[in-house]
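> only geometry, no sequence info:
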């Protein structure tokens, strides 16, 4: 089966945008950008998303080498239909977008207050000594943005969908499309702030995303496998 870079790129771009717009990591990036320098937040969040996209694509690319192309094709098809139904279920059962926004904001508020209280109790010299090794070389804000985004995406629907897409499409196209989609979403979150996150209807995005996954599933089901 000839794997088109353009097809993988287009599918990955559309999937990434519809999966990431308005989700928890999007909201977290928006709130972090209101409290910290946008450059650091953007760098941390985007770095985590790029690493996650590449790792997911590598796993998806390696899958056909561990099992037959026919089997991975059928698994990817099932994943597309499964994620489509999952997204539609999430979209139709959501009562409002404010709850998730409040939940993420409260969690970040608690972390922010805890870090602030800790910094007050320590002197400058003692604080430097107690910093983790990595924070001696990287900004703590950048590391915080990276860790929140990376672990927030780990095992998420978008990560699993990227693995399935890379197993069924050209992995280079999937990586390029995923990175572009992540860049657009992260820049929008950081520049737009919380107001943008609160105005986006995650319910509508989830429904559109669900239909998109089902379309991918139908297209994959009808595609021949060599």
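Sure, I can see it. In this text the structure is predicted, and so the values were computed from the model without any measurement.

> starting at the chain centroid, how far to stretch 16-32?
7 Å (CA atoms, centre = their mean, to the nearest Å).

> average pLDDT for that stretch?
Mean pLDDT, stretch 16-32: 79.

> so where's the protein uncertain?
The model of the chain has pLDDT under 70 over residues 1-3, 22, 67, 69, 94-138, 193-202, 205, 225-226.

> Which stretches in it count as helices?
Taking DSSP state H to define them, one finds helices in the chain at 5-20, 24-35, 38-66, 69-93, 98-121, 124-130, 140-153, 157-168, 171-199, 202-222.

> Residues contacting stretch 217-226, please?
1, 69, 70, 73, 76, 77, 78, 80, 81, 84, 168 (CB atoms under 8 Å, 6 or more residues apart in numbering). All C-beta atoms are positioned from the backbone trio N, CA, C, and that covers glycine.

> ok, now with 7 Å
1, 69, 70, 73, 76, 77, 80, 81, 84, 168 (CB atoms under 7 Å, 6 or more residues apart in numbering).

> what separates the spatially closest residue to residue 166 that is not a sequence neighbour from residue 162, distance-wise?
In space, and not counting its chain neighbours, residue 166 is closest to residue 60: 2.7 Å by CB to CB, 6 or more residues apart in numbering. Counting by CB to CB, to the nearest Å, the separation of residue 60 from residue 162 is 7 Å.

> Looking only at neighbour counts, state which of those two leads.
residue 162 (29 against 24; other CB atoms under 10 Å).

> Skipping its backbone neighbours, what lies nearest the more buried one in space?
residue 56 is the one closest to residue 162 (CB to CB, 6+ apart), at 3.9 Å.

> next one: residue 5
residue 173 (4.0 Å).

> wait, that neighbour sits on residue 13?
No. Assessed by CB atoms under 7 Å, residue 173 is found out of contact with residue 13, at 9.2 Å.

> coming back round to it: from residue 88, how far off is the residue nearest to residue 5?
In terms of CB to CB, residue 173 sits 26 Å off from residue 88.

> And these two? Which one has more around it.
Between residue 173 and residue 88, counted using other CB under 10 Å, the more crowded position is residue 173 (23 against 18).

> what's near enough to touch residue 37?
By CB under 7 Å, 6+ apart, the neighbours of residue 37 are residue 141.

> and residue 49, how many neighbours?
Neighbours around residue 49, by other CB under 10 Å: 28.

> meant to ask about residue 35
11.

> Excluding chain neighbours, what is closest to residue 57?
In space, residue 57 is closest to residue 166, 4.2 Å off (CB to CB, 6+ apart).
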